[in-house]
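A.B. asks: what follows is a predicted structure for the sequence shown.
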Protein chains: 2
Amino acid sequence: MRIAILGYGNIGRAAEQAVKAAPDMQLTGVYHHNDCLECIDADVVLICTPTREVQKFASVLAARGICTVDSFDIHGQIWALRSSLDSVCITHKAVSIISAGWDPGSDSMVRALLMAMAPKGLTYTNFGPGRSMGHTVAAKAIKGVKNALSMTIPLGTGIHRRMVYIELEEGADFKTVEAAILADDYFAHDETHVIPVESIDALNNVAHGVNLVRSGVSGDTHNQRFEFNMEINNPALTGQVMVSCARAAMRLKERGEFGAKTMIELAPIDLLPGTKESLVKALV
Amino acid sequence: MRIAILGYGNIGRAAEQAVKAAPDMQLTGVYHHNDCLECIDADVVLICTPTREVQKFASVLAARGICTVDSFDIHGQIWALRSSLDSVCITHKAVSIISAGWDPGSDSMVRALLMAMAPKGLTYTNFGPGRSMGHTVAAKAIKGVKNALSMTIPLGTGIHRRMVYIELEEGADFKTVEAAILADDYFAHDETHVIPVESIDALNNVAHGVNLVRSGVSGDTHNQRFEFNMEINNPALTGQVMVSCARAAMRLKERGEFGAKTMIELAPIDLLPGTKESLVKALV
């Protein structure tokens, strides 16, 4: 299958490596977000632009019958994105796999599977240690902050500590900046520590992690316990998940199952290269 | 949806509890394996008989257009079972979900997902501590053994120790029995310890566990690490997984996707009650 990449930041670069490593894919081009969309020639486009630009690009491509995959990550707006792309895809016989990263994405599939295994109970998704993009951007926006890095530290039961490292603008007062960060809505609800550093660049590390736990009830049997952990390079995993979902998009299109889908609507076998027989024999 | 249970051992009883706990299911009957199959009246039949009887019952039911779910667990024969049931199901517009337990079953889905997240690398599935049915039956078949229990103990990297507890027949010689067990093909390839006990019944416990690990490569980034753990009541989880798969069978049938499927061919969302919108909003 012929794959193009739109957007060439951390995730676009990681997706490029994953396409090149895939036995059944060919990279037809890397495009930047101001390039002409009509020039893109591919079966599936991996949309690796900032999350807020996903809907615009996915709609235009789907209207040309081209499948797309994105890693749209604003949890509260996923259903709205799915709804808006679903009708375009159905009309133009395309498939759009949305929110295909690790959370939302592969973690969502694990949460759904654990719910099926123990329908009553509680799941906690604990993130980190790793950089939070949203919190980092929020810290950078504070007056007096030259550069920032907000690390998410898991404290269990879905509670997180924020470790905010900042490089101050010349002449900025640390105490004033610290108070502004602690008062910001992104940080006001969590335990937050603000730490001045000489260089944010010296802390640069794309490592991330997840500890997802569920204790639940199967039938009438309580105390069924499940745990999913990972320690990963964040853009590398996101890029790889998008590439595996590009394969699923093509399989769905070939079967005439047009529309927009989240990852919990995909069968794991469709993410993988190889025949049904070889995959069932190797993995089941 | 209307569910019947065929077979009423540990798993049949657990499945009954899971059906009763499901908000969208009604139990229409519990049948024994010598009952008349033509009398079964249900949308989906959960086949909870010994694994070697699954094909016979599933074929007869599928030929009546009735969906089935089983937890057939002979790994090397799953593709053959799938192939034989697939054609019957397609002809008679039924769906048969096979090998729907936790391994094969939910573990298979996790293995497939991890492969999609890091395509190159090694996955190890470590079982236990918990009772192995196959090894217990093999130990019971040894001359001089009155009753037995074979526990599987995980040693990591897919290597397991066998702890075989035996009640001797009156007059049997322990050393002779121990030698016969150690020479049996079920035990000859693993570290095995044979321990005489007064009562196997006193050791009865259906706890089991899994530790599934993968270290792999996403794109060209190595050392991506994943781990899935569970500590569970074995028949309760098997029964629950079968019930969740009964729901998926009905969804597939409603969409006209007839045939036999393993769990890696199912989308997690189809295992769960509720609307697509509510599930995407809650889990993605």
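C.D. replies: That came in fine, so what should we check first?
A.B. asks: for the helix or strand containing A:Ala246, packing partners?
C.D. replies: If you go by DSSP states H and E, A:Ala246 is part of helix A:234-254. Packing contacts for helix A:234-254, counted by 3 or more C-beta pairs under 8 Å, 6 or more residues apart in numbering or on different chains; DSSP states H and E, involve helix A:10-21, strand A:44-47, strand A:67-70, strand A:95-97, strand A:207-218, helix B:106-117, strand B:207-218, strand B:221-233. C-beta here means a position set from N, CA and C on the backbone, and glycine is covered the same way.
A.B. asks: how far does that helix sit from the chain's center?
C.D. replies: 12 Å (C-alpha atoms, centre = their mean, to the nearest Å).
A.B. asks: again, but for stretch A:48-63
C.D. replies: 15 Å.
A.B. asks: how about stretch A:154-171?
C.D. replies: The chain centroid and the centroid of stretch A:154-171 are separated by 21 Å, computed with C-alpha atoms, centre = their mean.
A.B. asks: that stretch vs chain B: in contact?
C.D. replies: No - for stretch A:154-171, no contact with chain B is found by C-beta under 8 Å from any C-beta of the partner chain; the gap never falls below 14.2 Å.
A.B. asks: list of residues touching that stretch?
C.D. replies: For stretch A:154-171, contacts defined as C-beta atoms under 8 Å, 6 or more residues apart in numbering or on different chains pick out A:124-129, A:132, A:135, A:139, A:144-153, A:174, A:177, A:181, A:187, A:190-200, A:203, A:209, A:211.
A.B. asks: repeat for stretch A:212-223
C.D. replies: Stretch A:212-223 has contacts (C-beta under 8 Å, 6+ apart) with A:107, A:110-111, A:114-115, A:117-126, A:224-229, B:14-18, B:20-21, B:232-233, B:236-237, B:239-240, B:243.
A.B. asks: got it, and stretch A:71-83?
C.D. replies: With C-beta under 8 Å, 6+ apart as the test, stretch A:71-83 has contacts from A:11, A:48, A:51-52, A:54-55, A:98-101, A:103-105, A:238, A:241-242, A:260-262, B:277, B:280-281, B:284.
A.B. asks: show the end-to-end separation of it, please.
C.D. replies: 16 Å (C-alpha to C-alpha, to the nearest Å).
A.B. asks: cool, stretch A:27-39 as well?
C.D. replies: 15 Å.
A.B. asks: off-centre distance for that stretch?
C.D. replies: Worked out by C-alpha atoms, centre = their mean, stretch A:27-39 lies 21 Å from the chain centre.
A.B. asks: still on that earlier bit, which of the contacts of stretch A:212-223 are buried?
C.D. replies: Neighbour-count burial (16 or more other C-beta atoms under 10 Å in any protein chain shown) is assigned, among the contacts of stretch A:212-223, to A:107, A:110-111, A:114-115, A:117-119, A:121, A:123, A:125-126, A:224, A:226-229, B:14-18, B:21, B:232-233, B:236-237, B:239-240, B:243.
A.B. asks: isn't A:Ala14 right up against A:Thr238?
C.D. replies: Yes - counting by C-beta atoms under 8 Å, A:Thr238 is a contact partner of A:Ala14 at 6.5 Å.
A.B. asks: can you list the domains in chain A?
C.D. replies: Using automatic domain parsing, the domains assigned to chain A come out as A:2-104+A:235-283, A:120-218.
A.B. asks: and the first one, how far out from the chain middle?
C.D. replies: The one in question is domain A:2-104+A:235-283. The answer for domain A:2-104+A:235-283 is 12 Å, by C-alpha atoms, centre = their mean.
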